[in-house]
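**Student:** Okay, predicted coordinates and the sequence, questions at the end:
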Amino acid sequence: MEATVGDRLHMHGNIVGQPDRTCEIIEVRGPEGAPPYVVRFPDGHETLVYPGPDTVIEPAGS
């Protein structure tokens, strides 16, 4: 997984009824775009994320 600041993470719900979540990558802490990522959710919450297999990177500007 490789991302840059400004990309979005789309995390698919992995439990029936759990909604998908999206957030913006505001800091990349791994080497060469690798996780972990500091992300900001639409409600303003910021956290450190180690994305799982249910996560897709959406490049900035798409």
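**Tutor:** Arrived safely, thanks for sending.

**Student:** and stretch 9-24, how far apart are its ends?
**Tutor:** Stretch 9-24 has an end-to-end distance of 6 Å (CA to CA, to the nearest Å).

**Student:** And that stretch, how far out from the chain middle?
**Tutor:** The chain centre lies 10 Å from the centre of stretch 9-24; the measure is CA atoms, centre = their mean, to the nearest Å.

**Student:** Pull out the buried positions in it.
**Tutor:** For stretch 9-24, a neighbour-count test (16 or more other CB atoms under 10 Å) marks L9, M11, C23, E24 as buried. Where C-beta positions appear, they are placed from N, C-alpha and C, glycine not excepted.

**Student:** So for these, which is the shakiest by pLDDT?
**Tutor:** When the buried residues of stretch 9-24 are compared on pLDDT, M11 comes out least confident, at 92.

**Student:** what's the burial count for G52?
**Tutor:** The tally of other residues near G52 (other CB atoms under 10 Å) stands at 11.

**Student:** Name whatever forms a beta bridge with the spatially most central residue of the chain.
**Tutor:** In the chain, the residue lying closest to the centroid (CA atoms, centre = their mean) is L9, at 2.9 Å. For L9, the beta-bridge partners under DSSP bridges are C23, I57.
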